[in-house]
Structures are given as structure tokens and as C-alpha cells.
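Asker: Structure for the following, please:
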Amino acid sequence: MVRHPSSDPTPPQRRILDHLLKCESEGGSQPTYREIAAALGWRAPGTVRDHVQALSRKGLLVPSRLARGLRLTDAGREAASRGDRTARPPLQTLPSFSGEAKEAFKALARYFRVHRFPAGTVLWHAGEPASMVVAIESGNVKIYRTLPSGATAALYLFGPGELFGFLPFLDGRPYPATAEAVDDVRAKAMSRGEFLRAIREAPEVAMPLFSFLGRRLREAFDRIEVLSARGALPRVAAALAALLQEGDRGTTTIVSLPVPSGEFARALGITPESFSRAVTELAESGVIRRLGRGRFQVLDPQSLRNASSPARL
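Answerer: Next comes the predicted model:
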């Protein structure tokens with residue numbers, strides 16, 4: 001019989017449960033505190049130990065003196081398999097949506113259905129007819145094209161709160177690029193048939209959608225400018241600046257890469273070595289500070305934004 005915990009796990013505790021459940025499902029040994037910290041991008045294994053003790057008190061796992069002796073309880077597996085439905089606000093309130101997108105999603109929410117895409121799943125290939133528009137709740141999706149040489153060119157990396165896939169819905173043409181799940185993705189998706197039905201039933205959503213698509217087009221022009229610059233620095237600076245919140249102007253803030261640095265570099269069209277060199281240059285200039293794997297403290301947000309503009313290099 002599953003013993004329900006006295007209180008729900010916090011978001012960091014839920015991340016630990018999810019990681020332990022993943023290790024368990026893959027048939028491997030359970031990780032050590034240090035390995036969990038590294039996998040979750042945390043600096044101190046002691047942080048993991050503190051959360052493990054709290055999870056033990058909640059009846060979600062059984063601690064151990066052994067290095068790999070952590071064990072999920074049935075209640076812990078149940079909490080992990082539920083995902084983060086209780087810890088995360090509804091998708092339409094996620095801050096990465098613009099005001100227009102929030103309104104559009106609010107009007108379209110009843111036409112979406114929950115989907116899960118395991119890491120490596122191709123949502124659609126370039127050239128395929130329109131099948132769905134996607135709103136990501138967790139995980140990341142990369143958008144890329146395959147060049148004649150066989151190499152791939154990454155165009156976008158979408159994360160939680162992002163809404164994408166509308167273009168073929170509007171012009172009736174195939175998808176211009178391939179979409180692939182970088183890690184396990186939980187999302188809400190809407191078919192083209194449902195989208196057309198929504199427009200017929202609620203035509204007022206059209207203008208917020210057009211505004212949202214206009215903003216995405218402007219972002220594409222900005223991206224072309226950055227990618228046309230020689231060197232990796234403006235690309236890396238622009239990518240890190242994009243992780244800042246809109247209000248981050250003059251104060252320091254901490255940003256985390258949504259995916260491993262190697263995958264992040266490839267999404268920018270550069271090598272991991274070029275990414276590392278650009279990060280080192282920004283750190284030596286006093287713009288950022290490395291905090292750990294995939295985590296940076298932005299010391300000078302405005303200088304970071306300036307570095308992302310090729311005209312200011």
C-alpha cells in the first residue's frame with residue numbers, strides 16, 4: 001500500500017526524485033550525493049544530503065550510509081511519476097510568454113492536449129506537413145536543418161514556456177526545419193484541425209497570435225545579425241543575455257544553461273571549445289563569473305547585452 005507523504009516535495013526535492021526514478025528505470029545503480037549534485041547543476045553535495053533527509057522525513061525515499069544506497073519508496077515513485085503538476089504554475093502563467101502569447105494561449109488552452117516526448121524524439125522532420133503546434137511545460141526542443149554536407153545547423157533551442165510550430169499552420173506549407181527533443185519533454189500540443197476550429201470559434205485570438213508571430217520574426221532578424229558576426233563571442237553573449245529576465249538591467253543575476261554546454265554550443269552553431277573560450281573571455285572581462293557546470297553569475301548585464309551586438313565589438 002502506498003503511504004502518501006505528509007506534504008508535497010519542494011521543486012528541488014522533486015528534481016531529486018525525478019533523477020532517482022530515471023536512474024532506477026534505466027537499470028543502473030543509484031547515484032551518490034556528489035553525482036546527483038553534478039547532474040542537477042548544484043555545487044554542494046551537502047545540499048543534496050539536506051534534501052534527502054527532508055524527503056526521508058516525508059516518506060518518499062529511504063536514506064542509507066552506503067554510497068549508492070538511496071532507495072525510493074512507493075510514495076516517492078508515485079510523487080516522481082506525477083511530475084511537477086503541483087509545483088509548477090499553469091502553463092499560461094509562465095513568465096517566458098509575452099503578454100500576447102499569454103492571452104492567445106489562454107484562449108486556446110482547451111484545444112491543447114498533454115503530450116510527452118522522450119529525449120531524442122523527432123516531433124517532425126523538415127518537409128513534413130503541419131501536424132501540431134507545441135507549448136513546452138518542461139524540457140527543451142532544438143530546431144535544426146540538415147545541410148547538403150550532412151551536417152546540421154541549429155536554428156533555435158526552445159525551453160519551458162515557449163510556443164512554436166505555428167508557421168505551417170498559417171501558410172499551409174511544410175515545416176521548414178526539424179524539431180527534436182533534447183531531453184525528456186512534457187508539452188501541450190494542438191493539431192492543425194483543432195487550431196482552425198479554434199480560429200472559427202474564437203476569432204479574437206487571431207490578433208494576439210499575429211502580434212506573437214511578429215515578435216518571433218523580429219527575433220529571427222536579430223538572430224541573423226548575431227550569427228553573421230565572426231567569432232563565437234557575440235553568439236555566446238546573446239545566448240546568455242537571452243536567459244536574463246527583462247528586468248535584469250544593472251544588478252547581478254544567476255543564469256543556468258537549459259541543456260549541457262556541448263548541446264548549447266551546437267545550438268549556437270559553434271564548437272564546445274569555442275563556447276568555452278568565449279565564456280572565458282567574458283569572465284576575464286568581468287562580465288560573468290563561472291559558478292559551476294552550466295551556471296553563471298552575470299556581473300554586468302548591460303555589458304553582456306552590448307557584447308551580443310556585433311556592431312559594438
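Asker: Going by residue numbers, what spans are helices in the stretch 151-300 of the chain?
Answerer: 167-171, 192-201, 206-227, 233-242, 261-267, 272-284 (DSSP state H, counting those that start in this stretch).
Asker: okay, the ones you listed in JSON lines with distance to Arg77, mean pLDDT and mean neighbour count next?
Answerer: Heads up, the C-betas are built off the backbone N, CA and C, glycines and all. Shown next, in JSON lines, are the helices of the stretch 151-300 of the chain (distance: least, Cβ to Cβ, whole Å; pLDDT from 0 to 100; neighbours: other Cβ atoms under 10 Å):
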{"stretch": "helix 167-171", "distance to Arg77": "38", "mean pLDDT": "78", "mean neighbour count": "15"}
{"stretch": "helix 192-201", "distance to Arg77": "34", "mean pLDDT": "83", "mean neighbour count": "14"}
{"stretch": "helix 206-227", "distance to Arg77": "39", "mean pLDDT": "65", "mean neighbour count": "14"}
{"stretch": "helix 233-242", "distance to Arg77": "36", "mean pLDDT": "82", "mean neighbour count": "22"}
{"stretch": "helix 261-267", "distance to Arg77": "28", "mean pLDDT": "78", "mean neighbour count": "19"}
{"stretch": "helix 272-284", "distance to Arg77": "35", "mean pLDDT": "89", "mean neighbour count": "17"}
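Asker: Any idea which of those helices gets closest to Tyr144?
Answerer: helix 261-267 (8.1 Å; Cβ to Cβ).
Asker: same for that closest one, what does it pack against?
Answerer: Applying 3 or more Cβ pairs under 8 Å, 6 or more residues apart in numbering; DSSP states H and E, one finds that helix 261-267 contacts strand 152-158, helix 272-284.
Asker: Need the ones you listed in JSON lines (columns: distance to Ser308).
Answerer: JSON lines is the format used below for those (distance: least, Cβ to Cβ, whole Å):
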{"stretch": "strand 152-158", "distance to Ser308": "16"}
{"stretch": "helix 272-284", "distance to Ser308": "10"}
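Asker: Among these, which comes closest to Ala241?
Answerer: The nearest among the helices and strands packed on helix 261-267, by Cβ to Cβ, is helix 272-284 at 10.6 Å.
Asker: how far out from the middle of the chain is that closest one?
Answerer: Here the centre of helix 272-284 is set off from its chain's centre by 22 Å, with Cα atoms, centre = their mean, to the nearest Å.
Asker: Check stretch 164-181 too.
Answerer: 19 Å.
Asker: Name the surrounding residues that touch that stretch.
Answerer: 117-130, 132-134, 139-146, 155-156, 158, 192, 195, 209, 213 (Cβ atoms under 8 Å, 6 or more residues apart in numbering).
Asker: what does the domain assignment say about this protein?
Answerer: 11-81, 91-227, 233-312 (automatic domain parsing).
Asker: Next, the contact list for Leu157, please.
Answerer: Counting by Cβ under 8 Å, 6+ apart, Leu157 has contacts 140-143, 182, 258-259, 264, 267.
Asker: The same query, at a cut-off of 7 Å, please.
Answerer: Contacts for Leu157 (Cβ atoms under 7 Å, 6 or more residues apart in numbering) come out as 140, 142, 258, 267.
Asker: Okay, Ala302 and Val287: tell me how far apart.
Answerer: Wrong residue type there; residue 302 is Gln, not Ala. Computed as Cβ to Cβ, to the nearest Å, the Gln302 to Val287 distance reads 9 Å.
Asker: So between those two, which is more surrounded?
Answerer: Higher neighbour count among Gln302 and Val287: Val287, with 22 against 13, using other Cβ atoms under 10 Å.
Asker: so that one sits right up against Leu304, yeah?
Answerer: Yes - with contact defined as Cβ atoms under 7 Å, Val287 reaches Leu304; the gap is 5.3 Å.
Asker: what sits against Pro118?
Answerer: 181, 184.
Asker: how close does it sit to Gly139?
Answerer: Taken as Cβ to Cβ, the span from Pro118 to Gly139 is 10 Å.
Asker: For the two, list the residues in contact with both.
Answerer: What both Pro118 and Gly139 touch, as defined by Cβ under 7 Å, 6+ apart, is the set 181, 184.
Asker: show me where the stretch 51-200 of the chain has strands.
Answerer: Under the criterion DSSP state E, counting those that start in this stretch, the stretch 51-200 of the chain carries strands at the ranges 61-62, 71-72, 113-117, 122-124, 132-138, 141-146, 152-158, 163-164, 178-181, 185-191.
Asker: tell me the angle the last one makes with helix 192-201.
Answerer: Note on geometry: by axes from the mean of the first three to the mean of the last three Cα atoms, to 10 degrees, strand 185-191 and helix 192-201 are set 60 degrees apart in direction.
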